[in-house]
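Peer 1: give me a 3D structure for the following:
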Amino acid sequence: MGADERGLVLEIRGKEAIVLTPQGEFRRVRVPQPFPSIGEEIMLPPASSWTWARMKFAATAVALVFLAWGLSRIFSPGILARQQPAFYVAIDINPSLELVLNTQEKVMEANSLNTDGKVLLEGLNLRGQDVQDALRTLAKVALEKGYLRPGEEGFLLVSVVPGKETEEGIEAGDRLAGRLAKVAEEVLRAERVEPVVKAGTFKVELRKQAARLGLSPGKYALFLKALEAGLPVTVEALKERGALKALRQAGADPQKLWDSIVPDVRDKGEQHFNPVSPKEGSHVLERENRENKEGLPKKNLPPLPEGRLEEKPSRESPGVEKEGQDIGTAQKRGETGKAPIVFPKREETPGKKGDAFSPQDIKVNPEHPSKGVRIPERMEENKEGNRGIKEQSKE
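Peer 2: Here you go, the predicted model:
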């Protein structure tokens, strides 16, 4: 723009004038006294002074835009979604849903686990909320939609799965489960609902097994306990009617069943739940007629022929040696001239001290598996050629 460029005065604002250039641009320029009249054509100042002011304004505006963009990235829910999950919290009322939390216990995701869960989450935005606030919201919405009713019993399960199975992660999961159980009880009592709240910490592997059936870890653990007890409970019943109704209709006490689970699964991670397929869950009453190919518990097995070892599945528990390795070790320790040591078939009684730990057993051996295994009594051939049993002599 040349120094002789002109502009038409449209407005006077203090010591500045708004002018229209021949190119159709509106500009704000400083004007000396006496001020020009509206409609008067004046000479515009050199371009350099106006351009410099314009550039400073533009630079400031760009800086503010970038600052706002950066802050929005820091505090937006999108950043929560890219963080590593610290906890998975499943809530069963029926509805059933799962909240994914970050290390600050803020909700990153909220996912339904059944149809009622979708209905409960409809219209809710829990992302970025503290998990305790999210639980309060869910309990109140469940009351509004009729899943919980004042004056009636409200059965609520809270299943916490740490993202990392370290000792610190499990302890943090226990603390979180306790806080959430307390919050749930307070909310239900405030709404005149009789609270029956159960909470526990579970392993990542159990959550994966439960996801294959579309259940929460808590419901899945109850389902496995029900299978062990021989109760006619199906996956579909747990999904559609909820844990409280499904288990009571099967003749079980849900509270006692849960209380029998939590000490097992909290045995420092030494839990061994057998995976169960959806088909098995739907036809649990027919499981007695099947071979043990898919991980169901063995019941009323015929005794093995004398001198044979009981066949174990290929999957083994940590810290437990194979039977063949135990025999070899025992043979090396045996005295010269004695017959080879052979393990007899023993009737297994869950919980009985001295029983060998088997990963096929749904119920967890209360003893640590690597410390609770004993070598059975030795078999030795007597003078008449028959086999007898006598205790291993202590040296």
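Peer 1: Val141 is in contact with Gly117, isn't it?
Peer 2: No. Using C-beta atoms under 8 Å, Val141 is not in contact with Gly117, being 11.5 Å away. In this view, the C-beta of every residue, glycine as well, is placed from N, C-alpha and C.
Peer 1: of the two, which one has the most company?
Peer 2: When neighbours are counted by other C-beta atoms under 10 Å, Gly117 comes out ahead of the other of Val141 and Gly117, with 24 against 18.
Peer 1: point out where the stretch 151-300 of the chain drops to low pLDDT.
Peer 2: Along the stretch 151-300 of the chain, the model assigns pLDDT under 70 to residues 262-300.
Peer 1: all strands of it, in order?
Peer 2: For the stretch 151-300 of the chain, applying DSSP state E, counting those that start in this stretch gives strands covering 153-162, 194-201.
Peer 1: and the chain, what are its domains?
Peer 2: Following automatic domain parsing, the chain resolves into domains at 6-75, 83-289, 303-395.
Peer 1: just the helices in the protein please.
Peer 2: 47-75, 77-82, 115-121, 131-144, 167-190, 204-213, 217-228, 235-249, 254-265, 278-282, 323-333 (DSSP state H).
Peer 1: give me the neighbour count for the nearest residue to Arg192 once chain neighbours are set aside.
Peer 2: The shortest distance from Arg192 to any non-neighbouring residue, by C-beta to C-beta, 6 or more residues apart in numbering, is to Pro150 (4.1 Å). Here the number of neighbours of Pro150 (other C-beta under 10 Å) works out to 11.
Peer 1: does Gly163 touch Tyr88 like I think?
Peer 2: Yes. If you go by C-beta under 8 Å, Gly163 and Tyr88 touch, sitting 7.2 Å apart.
Peer 1: higher neighbour count, those two?
Peer 2: Tyr88 (23 against 18).
Peer 1: tell me what the more buried one is bridged to.
Peer 2: Tyr88 has these beta-bridge partners by DSSP bridges: Val100, Val161.
Peer 1: which residues touch it?
Peer 2: Glu98, Leu99, Val100, Leu101, Val160, Val161, Gly163, Arg207 (C-beta atoms under 8 Å, 6 or more residues apart in numbering).
Peer 1: the fourth one: neighbour count?
Peer 2: This points to Leu101. So Leu101, with other C-beta under 10 Å, has 23 neighbours.
Peer 1: and for the nearest residue to Val141 once chain neighbours are set aside, the neighbour number?
Peer 2: Among residues not flanking Val141 along the chain, Leu120 sits closest, at 6.0 Å (C-beta to C-beta, 6+ apart). If you count neighbours by other C-beta under 10 Å, Leu120 ends up with 24.
Peer 1: for Gly214, see how far away Leu120 is.
Peer 2: Remark: distance between Leu120 and Gly214 (C-beta to C-beta, to the nearest Å) = 16 Å.
Peer 1: kindly report the same for Gln33.
Peer 2: Gln33 is 82 Å from Gly214, by C-beta to C-beta.
Peer 1: next: Gly128.
Peer 2: From Gly128 to Gly214 the distance is 27 Å (C-beta to C-beta).
Peer 1: picking that back up, how much space between the residue nearest to Arg192 and Ala184?
Peer 2: 15 Å.
Peer 1: rewinding a little: okay if I get the contacts of Tyr88 as TSV plus distance to Val233?
Peer 2: Shown next, in TSV, are the contacts of Tyr88 (distance: C-beta to C-beta, whole Å):
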residue	distance to Val233
Glu98	21
Leu99	26
Val100	28
Leu101	30
Val160	23
Val161	22
Gly163	30
Arg207	20
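Peer 1: how many other residues sit next to Ala229?
Peer 2: 15.
Peer 1: actually Ser112, sorry about that
Peer 2: When neighbours are defined as other C-beta under 10 Å, Ser112 has 16 of them.
Peer 1: which strand residues bridge it?
Peer 2: Ser112 has these beta-bridge partners by DSSP bridges: Leu97.
Peer 1: OK, contacts around it?
Peer 2: Counted by C-beta under 8 Å, 6+ apart, Ser112 has contacts Pro95, Ser96, Leu97, Lys118, Leu120, Leu121.
Peer 1: got the end-to-end distance for stretch 189-205?
Peer 2: 34 Å (C-alpha to C-alpha, to the nearest Å).
Peer 1: Tyr147 and Asn94 touch, don't they?
Peer 2: Yes. Taking C-beta under 8 Å as the definition, Tyr147 is a contact partner of Asn94 at 7.0 Å.
Peer 1: more neighbours: which of the two?
Peer 2: The residue with more neighbours, out of Tyr147 and Asn94, is Asn94; 25 against 18, by other C-beta under 10 Å.
Peer 1: next, count neighbours for the nearest residue to the more buried one once chain neighbours are set aside.
Peer 2: What sits nearest to Asn94 in space, not counting adjacent residues and going by C-beta to C-beta, 6+ apart, is Gly242, at 3.0 Å. When neighbours are defined as other C-beta under 10 Å, Gly242 has 23 of them.
Peer 1: re the thing from before, just curious, which of the contacts of Ser112 is nearest to Tyr220?
Peer 2: Ser96 (11.0 Å; C-beta to C-beta).
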